[in-house]
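1. structure for this input, please:
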Amino acid sequence: MAWAAEANIPWAVVGDLWFSPIIGTDVYIIDRGQNFYRYNFVSGVYTHLANPPFVGTNCWRTLHYRNGHLYTIDEGAGAEPWGRRISWYNIATGVWASSSQVGVFPVFENIWGFCFQDDDTIWAWVKRRGSLRFRCVRYVISTDTWTHFAGETGVINIGQARSVIMNAAGTQVFASHMSDAGGPGISPGRYAIYTIATDAYAFSGFIVPATNWSWADDPLRLWFFEPLAPPAAHNYGYLENDGVTEVHGFWGPNAARAGAFVGHLGVSALRAIIDQAAGVNPMTYFDGTLFPTATSDPATAVAGQSSQLNGTLVDDGGDPCDCGFEWGLTPAYGNTTPTQNRTSGQTYARRRPGSQPRS
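-> Numbering: from 1, shown residues only. This next block holds a predicted model:
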């Protein structure tokens with residue numbers, strides 16, 4: 001497994017790039033402006049899509065995937081408030097929609113990170129304007145309703161809520177890159193914990209002091225990189241949503257990383273990862289088993305003009321695959337066999353009828 005450069009970004013990037021999870025053979029990309037694209041790993045082609053409805057030059061714009069839609073923080077440019085709405089893109093229709101504003105001054109009104117409890121419920125970490133204080137706020141999509149509870153963190157030392165997940169029990173919401181007022185001035189190895197039932201806030205101890213948190217939509221993990229310097233030596237690891245299990249060095253270093261880029265990741269479970277890199281090729285991915293791979297094996301039971309076609313699914317890319325064959329007298333083939341559902345290491349075979357010679 002190794003990092004590999006992808007096709008050059010075809011537009012003038014505004015600020016940083018933010019990624020969706022890897023969805024099949026596609027990843028969706030947005031920058032701090034309103035540039036929104038789909039990139040296909042197989043063809044290497046970028047497709048410009050409808051831009052989001054609001055400018056987000058001061059928003060964390062990680063793209064969250066849920067139920068056929070991509071969600072991102074929106075409406076934030078210039079001075080505070082930043083990120084006053086969540087907007088979502090319907091992949092099937094190409095249409096954007098948006099929430100109402102999360103709040104108005106002096107209420108907490110800057111969305112910095114969020115996660116899903118279910119298809120209709122979002123928990124967002126929201127910053128108060130002009131103060132490093134956060135509150136976890138609930139949003140219900142179907143009713144366009146924001147609910148602010150009484151609790152808040154109070155003034156803290158570090159607050160960015162780069163990535164947000166729920167714990168495995170669905171009772172707590174974690175936000176990475178957060179440190180309480182009693183913590184060190186710089187403590188990137190910490191995260192904040194909100195307990196829903198009691199409306200209470202707490203902060204973790206260090207994971208490892210020399211780690212820093214990444215931005216990513218992964219419902220099960222908070223991703224980080226280490227050591228802090230040099231950037232080209234960063235390994236990528238994660239904290240699971242039990243709040244206990246740490247995995248260090250899961251992905252190896254990306255030599256194309258530059259100091260200005262702090263792990264804006266798109267992930268595909270634990271199979272592949274995409275990150276921003278330096279230079280004219282500002283995106284690259286670490287290929288685990290992102291795409292299925294198969295081999296065509298020698299034909300058997302050759303009789304007259306018919307034969308049995310054989311193949312092996314070497315790697316299923318993490319999901320069962322429908323495997324079959326194309327055959328014919330030209331490079332266009334023109335004929336297909338029925339498929340068989342297979343997983344990694346399994347073989348598949350289909351009889352080719354004897355209709356034409358040497359096909």
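
2. who touches stretch 311-323?
-> Applying Cβ atoms under 8 Å, 6 or more residues apart in numbering, the contact partners of stretch 311-323 are 268-269, 271, 289-297, 325, 339-349. C-beta coordinates here come from the backbone N, C-alpha and C atoms, glycine included.

3. please save the CA atoms from it in CSV.
-> Extracted in CSV, the C-alpha atoms of stretch 311-323 (Å, rounded to 0.1, in the frame of the first residue of the first chain):
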residue,chain,number,x,y,z
GLY,A,311,-12.1,-16.0,-12.8
THR,A,312,-10.9,-15.2,-9.3
LEU,A,313,-12.0,-12.2,-7.2
VAL,A,314,-8.6,-11.3,-5.7
ASP,A,315,-9.9,-8.4,-3.5
ASP,A,316,-13.5,-7.4,-3.1
GLY,A,317,-12.7,-3.8,-1.9
GLY,A,318,-14.5,-4.5,1.4
ASP,A,319,-17.9,-5.4,-0.1
PRO,A,320,-19.3,-8.5,-1.9
CYS,A,321,-19.1,-8.2,-5.7
ASP,A,322,-21.2,-9.4,-8.6
CYS,A,323,-18.7,-11.2,-10.8
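
4. avg pLDDT for that stretch?
-> Confidence for stretch 311-323, expressed as mean pLDDT, is 78.

5. and it, how far out from the chain middle?
-> Relative to its chain's centre, stretch 311-323 lies at 23 Å (Cα atoms, centre = their mean, to the nearest Å).

6. and what of stretch 22-31?
-> Stretch 22-31 has its C-alpha centroid displaced from the chain centroid by 8 Å (Cα atoms, centre = their mean).

7. ranges for the helices of the stretch 201-350 of the chain?
-> In order along the chain, the stretch 201-350 of the chain carries no helices (DSSP state H, counting those that start in this stretch).

8. can you map out the strands along it?
-> For the stretch 201-350 of the chain, applying DSSP state E, counting those that start in this stretch gives strands covering 212-213, 221-226, 235-240, 246-251, 266-268, 272-276, 283-287, 293-303, 306-315, 321-323, 326-327, 335-336, 340-342, 347-352.

9. could the ones you listed go into CSV alongside distance to R38?
-> Converted to CSV, the strands of the stretch 201-350 of the chain look like this (distance: least, Cβ to Cβ, whole Å):
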stretch, distance to R38
strand 212-213, 27
strand 221-226, 22
strand 235-240, 24
strand 246-251, 23
strand 266-268, 12
strand 272-276, 13
strand 283-287, 13
strand 293-303, 23
strand 306-315, 24
strand 321-323, 23
strand 326-327, 27
strand 335-336, 27
strand 340-342, 28
strand 347-352, 31
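
10. mean pLDDT for those strands: which is lowest?
-> Per-stretch mean pLDDT for those is lowest at strand 283-287 (a mean of 63).

11. next, count neighbours for the residue nearest to W223 when sequence neighbours are not counted.
-> Among residues not flanking W223 along the chain, S214 sits closest, at 4.2 Å (Cβ to Cβ, 6 or more residues apart in numbering). By the criterion of other Cβ atoms under 10 Å, S214 has 26 neighbours.

12. point out where the stretch 151-300 of the chain drops to low pLDDT.
-> 181-188, 208-210, 228-229, 258-262, 278-292 (pLDDT under 70).

13. same check on the stretch 1-150 of the chain?
-> In the stretch 1-150 of the chain, residues with pLDDT under 70: 1, 105.

14. can you give me the strands in it?
-> Secondary structure of the stretch 1-150 of the chain, counting by DSSP E, counting those that start in this stretch: strands at 3-5, 17-19, 26-31, 36-40, 46-48, 64-66, 69-74, 85-90, 95-98, 110-118, 121-127, 134-140, 145-147.

15. switch those strands over to a markdown table; also include mean neighbour count and distance to Y201.
-> Shown next, in a markdown table, are those (neighbours: other Cβ atoms under 10 Å; distance: least, Cβ to Cβ, whole Å):
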| stretch | mean neighbour count | distance to Y201 |
| --- | --- | --- |
| strand 3-5 | 14 | 38 |
| strand 17-19 | 25 | 27 |
| strand 26-31 | 23 | 30 |
| strand 36-40 | 19 | 34 |
| strand 46-48 | 13 | 41 |
| strand 64-66 | 20 | 23 |
| strand 69-74 | 24 | 21 |
| strand 85-90 | 20 | 22 |
| strand 95-98 | 15 | 28 |
| strand 110-118 | 22 | 15 |
| strand 121-127 | 24 | 10 |
| strand 134-140 | 22 | 8 |
| strand 145-147 | 13 | 16 |
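
16. quick one: which of those strands is nearest E226?
-> Closest approach to E226 among these is made by strand 3-5 (16.9 Å; Cβ to Cβ).

17. which strands or helices does the closest one pack on?
-> Counting contacts by 3 or more Cβ pairs under 8 Å, 6 or more residues apart in numbering; DSSP states H and E, strand 3-5 is packed against strand 283-287.

18. domains for this protein, by residue range?
-> Listed domain ranges for the chain are 3-287, 293-352 (source: automatic domain parsing).

19. got the strands of the stretch 201-350 of the chain as CSV, with distance to A175 and mean neighbour count columns?
-> Listed next are the strands of the stretch 201-350 of the chain as CSV, based on distance: least, Cβ to Cβ, whole Å; neighbours: other Cβ atoms under 10 Å:
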stretch, distance to A175, mean neighbour count
strand 212-213, 9, 22
strand 221-226, 9, 24
strand 235-240, 12, 20
strand 246-251, 17, 15
strand 266-268, 18, 25
strand 272-276, 21, 26
strand 283-287, 25, 21
strand 293-303, 38, 11
strand 306-315, 35, 17
strand 321-323, 37, 18
strand 326-327, 49, 14
strand 335-336, 49, 14
strand 340-342, 40, 16
strand 347-352, 46, 16
